[in-house]
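**Q** sequence first, predicted coordinates after that:
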Amino acid sequence: MLEIGKYKIVSAKTGMFRLDGGAMFGVVPKTLWAPREDVDDQNRILLATRTLIAVSDDRKRVILVDTGLGTKWPAKEAERFAITPDAGAIARSLAKNFDLSSDDVTDIVVTHLHFDHNGGLTEWVDEPGQETRLLFPRARHWIHRRHWEHAQKPSDKDKASFLSRDMDALRADGVLVFVDGDAPACAIEGVRFFVADGHTPAQLLPIFDGLDGGLMYVGDVIPTSSHLRVPWLMAYDVEPLRTIEEKKRIYADCVEAGLQLAFPHDHRMGGAKLDFASSRPIIAHELSM
Ligand SMILES: [Zn+2]
């Protein structure tokens, strides 16, 4: 567990899946990325989905950042991405680390609505493929307005990443709290928002402020510790040159303010403190979270 400012923070692995290695590394040749990855016979690499759980000292704020793939997966789609969700992971982590339950969650930062990040906000009520319901109905669900609007009408390039079944209940239930602008104020004490546009429009990334450098959930700007090098980008990004600028802005904050990073998809570690002494960022140490 990490202590950052007024928060105690853990990274809960909410499931495992696989995506095409080429898509995950864009123009980087397989000879460079493969040695570090668990690659299967379909060229898919092993990835985790990770939820950041942050609880304030006074226990008034119980925050989740992203909720993973969830359980709404027909067999054929689950097989395509080798999806193995761990449906009870968030509840178990809340109970074990904080003696809390899912009903105690007050806030969820929905970084973006790609199916591997927030399919876990909802579940099917009875029949698979039918009605869905919210899993955290009492929590405020923070999302950038510009991202929500894009998710309702994605482009031909990225529409496969958005599933309407992940959004139906969100649309109906009034739990969404919209954030606006490029540098939005954050109503959650001790948290700032970074808005990133390279991977998808208006990804909302929280930074937990602390005295010795804060912790940023870097979302799909830097999905795993294999994506630390600035040009190692995913082919999914809608504006890859903006992702490069965003990585550089994040790294400047690491150097100047000691910012530490929490990854959404690394199956090996929840996060890392980076070292910039050489020509490219390397891991100084893994975070114990
Ligand atoms: Zn994404």
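**A** Perfect, I can see it now. What you see is a predicted model, and the numbers here were worked out from it, not measured in a lab.
**Q** what residues are up against residue 62?
**A** 53-56, 94, 98, 100, 104-107 (Cβ atoms under 8 Å, 6 or more residues apart in numbering). All C-beta spots, glycine's among them, are computed from the backbone N, C-alpha and C.
**Q** using the three-state scheme, assign the residue of the stretch 151-289 of the chain found nearest the ion.
**A** Here the residue of the stretch 151-289 of the chain nearest the ion is residue 220; by Cβ to the ion that distance is 3.8 Å. Secondary structure, DSSP: H, G, I helix; E, B strand; the rest coil: residue 220 is helix.
**Q** wait, what's in contact with residue 269?
**A** 225, 263, 286-287 are the contacts of residue 269 under Cβ under 8 Å, 6+ apart.
**Q** for the stretch 101-250 of the chain, just list every one of the helices.
**A** Secondary structure of the stretch 101-250 of the chain (DSSP state H, counting those that start in this stretch): helices at 115-118, 145-152, 168-173, 240-257.
**Q** export the ones you listed to JSON lines and tack on distance to residue 139 and mean neighbour count?
**A** Below are the helices of the stretch 101-250 of the chain laid out as JSON lines (distance: least, Cβ to Cβ, whole Å; neighbours: other Cβ atoms under 10 Å):
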{"stretch": "helix 115-118", "distance to residue 139": "12", "mean neighbour count": "26"}
{"stretch": "helix 145-152", "distance to residue 139": "16", "mean neighbour count": "18"}
{"stretch": "helix 168-173", "distance to residue 139": "11", "mean neighbour count": "15"}
{"stretch": "helix 240-257", "distance to residue 139": "27", "mean neighbour count": "16"}
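**Q** for residue 233, find the nearest of those.
**A** helix 240-257 (5.0 Å; Cβ to Cβ).
**Q** follow-up on the earlier one: could the helices of the stretch 101-250 of the chain go into CSV alongside mean pLDDT and distance to residue 196?
**A** Output for those, formatted as CSV (pLDDT from 0 to 100; distance: least, Cβ to Cβ, whole Å):
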stretch, mean pLDDT, distance to residue 196
helix 115-118, 97, 13
helix 145-152, 98, 10
helix 168-173, 89, 21
helix 240-257, 97, 5
